[in-house]
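Chemist: from the sequence below, what's the structure:
(4 chains)
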Protein chains: 2
Amino acid sequence: MPRAGLTTEKVALIGAQLADDLGFDRVTISEVARRAGVQVASLYSHVNGSDDLRARIALVALDELGDRGAEALAGRSGRDALLALGNVYRDYATEHPGRYDAARHPVTGDAAGLRAGQRHSDMLRAILRGYDLAEPDQTHGVRLLGSIFHGFISLERSTSFDHSSPSSQESWTKILSTLDAMLRSWPRHG
Amino acid sequence: MPRAGLTTEKVALIGAQLADDLGFDRVTISEVARRAGVQVASLYSHVNGSDDLRARIALVALDELGDRGAEALAGRSGRDALLALGNVYRDYATEHPGRYDAARHPVTGDAAGLRAGQRHSDMLRAILRGYDLAEPDQTHGVRLLGSIFHGFISLERSTSFDHSSPSSQESWTKILSTLDAMLRSWPRHG
DNA sequence: CCATCTACCTAATGCTTTTAGGTATGTCGC
DNA sequence: GCGACATACCTAAAAGCATTAGGTAGATGG
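Modeler: Model (predicted):
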């Protein structure tokens, strides 16, 4: 029997695929082993148990999202940047629902997780450079952006918006436009 | 041995308590049985397996949240209503983190779940009566409200906002004020 | 007080997680 | 090529959770 040649990274990727297929909360070491063509116990050389596997899937997702976000933000600012990053998150959640859930999973205390999270808040802050916000309003703005992005995507995915008019897409567009207007006129609402 | 006198409702409440103690994703039929002082198999007379238990916990949370929301909205309108309902959600998430997660759990296809969800979107729509929004903007507004409420609470609870200035509370206040302003000036954004 | 209902039980099966310790495969220095 | 090492993978076993089948006993109502 030829060996599978697994690494920690490959195990995490198989887990990410599994999350997209079955849902993040249905990810199991056993199923990863099955898909890798390997005995269950063998995975414990690569991953430190079930929680560690989930944390590594989260990291995969955060990194992929970070890469897409960075590319989307390059050369854009203001409203364009806002729409571009929002769509990156939303499209990623559609394409990779399991990975998106993983990314929203609290990665408590992990250094790599903190760094990945930092990267995302840095991107949000970069968007705000196109608006005229000084601290502490800039931080409030980062939190507002994060709340709307993740809140909308979460509600949309829980099918709360389904089967009703206007379409979810219309609301998304309208909300981001309103958010843009809000950020532009922020100082006046002090 | 005196019998425990369980009902489906009591099992769901024990599950809800368990969710708050250990986390919603750590809720297990075995642990509920342990806390109820009953054999595991006995729970299957009250609950239709693990997924059904989780769905019933979600329903407990949605109902409790609905009751608190209805009370908070009584006699308030506009900005007051907005702040009151927002604080209901946020405080509930702080007091009952496991139940809050349960409430955000998609309850697919259940009639009671749909009804409970409807109640919450009705409350959001009631808030918007204090602002001057005609359809389809009213629906957009409901979705914006839901996104910000749940998005902020979710991010705040994943500790993304910890250990930094300004405080999470300041951002919450500021964001709700901004939201109020967004809704008041909505028509002008055509 | 007898019949009925049902809350609760024991027993058994199968799945997942995790640890302990052994085997064999790939690689590197000589 | 050939020992020697690292480690990817294995078997085995123990423990926990989910679920089903079928039986027992405590409450309820006529």
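
Chemist: the lengthiest helix in chain A and DNA strand C, are they touching?
Modeler: Longest helix in chain A, counting residues (DSSP state H): helix A:50-73. Yes: counting by CB under 7 Å from any atom of the strand, DNA strand C is contacted by helix A:50-73 at A:Ser50, A:Asp51. To be clear about C-beta, it is placed using only N, CA and C from the backbone, and glycine gets the same treatment.

Chemist: contacts for that helix next, please.
Modeler: With contact meaning CB atoms under 8 Å, 6 or more residues apart in numbering or on different chains, helix A:50-73 is reached by A:8, A:11-13, A:15-16, A:19, A:24, A:27-29, A:32, A:43, A:47, A:81, A:84-85, A:87-89, A:92, A:96, A:99-100, A:102-103, A:105, A:107, A:110, A:112-113, A:116-117, A:119-120, A:123, A:126-127.

Chemist: pLDDT of that helix, averaged?
Modeler: Helix A:50-73 shows a mean pLDDT of 97 in the predicted model.

Chemist: could you check the angle helix A:50-73 makes with the next helix or strand after that helix?
Modeler: As assigned by DSSP states H and E, the chain's next helix or strand after helix A:50-73 is helix A:78-95. Computed by axes from the mean of the first three to the mean of the last three CA atoms, to 10 degrees, the angle separating helix A:78-95 from helix A:50-73 equals 140 degrees.

Chemist: residues contacting helix A:78-95, please?
Modeler: Outside helix A:78-95, the residues that touch it by CB under 8 Å, 6+ apart are A:64-65, A:68-69, A:72-73, A:76, A:99-100, A:123-124, A:126-127, A:130-131, A:145, A:149-150, A:152-153, A:156-157, A:172, A:176, A:179-180, A:183.

Chemist: may I have the host helix or strand of A:Phe149 as PDB, with CA atoms only?
Modeler: Per DSSP H and E, A:Phe149 falls inside helix A:137-157. Output in PDB follows, covering the C-alpha atoms of helix A:137-157 (Å, rounded to 0.1, in the frame of the first residue of the first chain):
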ATOM      1  CA  ASP A 137     -14.600  57.000  15.300                       C
ATOM      2  CA  GLN A 138     -12.300  55.000  13.000                       C
ATOM      3  CA  THR A 139     -12.500  52.000  15.400                       C
ATOM      4  CA  HIS A 140     -16.300  52.400  15.600                       C
ATOM      5  CA  GLY A 141     -16.300  52.400  11.800                       C
ATOM      6  CA  VAL A 142     -14.300  49.200  11.700                       C
ATOM      7  CA  ARG A 143     -16.800  47.500  14.000                       C
ATOM      8  CA  LEU A 144     -19.700  48.800  12.100                       C
ATOM      9  CA  LEU A 145     -18.300  47.500   8.800                       C
ATOM     10  CA  GLY A 146     -17.600  44.100  10.400                       C
ATOM     11  CA  SER A 147     -21.000  43.900  11.900                       C
ATOM     12  CA  ILE A 148     -22.800  44.700   8.700                       C
ATOM     13  CA  PHE A 149     -20.700  42.400   6.500                       C
ATOM     14  CA  HIS A 150     -20.900  39.400   8.800                       C
ATOM     15  CA  GLY A 151     -24.400  40.100  10.100                       C
ATOM     16  CA  PHE A 152     -25.900  40.300   6.700                       C
ATOM     17  CA  ILE A 153     -24.100  37.300   5.400                       C
ATOM     18  CA  SER A 154     -25.100  35.300   8.400                       C
ATOM     19  CA  LEU A 155     -28.800  36.200   8.200                       C
ATOM     20  CA  GLU A 156     -28.800  35.700   4.500                       C
ATOM     21  CA  ARG A 157     -27.300  32.200   4.900                       C
END
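
Chemist: for that helix, packing partners?
Modeler: In terms of contacts (3 or more CB pairs under 8 Å, 6 or more residues apart in numbering or on different chains; DSSP states H and E), helix A:137-157 is packed against helix A:78-95, helix A:97-103, helix A:111-128, helix A:168-184, helix A:186-189, helix B:137-157, helix B:168-184.

Chemist: which of those helices has the lowest mean pLDDT?
Modeler: helix A:186-189 (a mean of 66).
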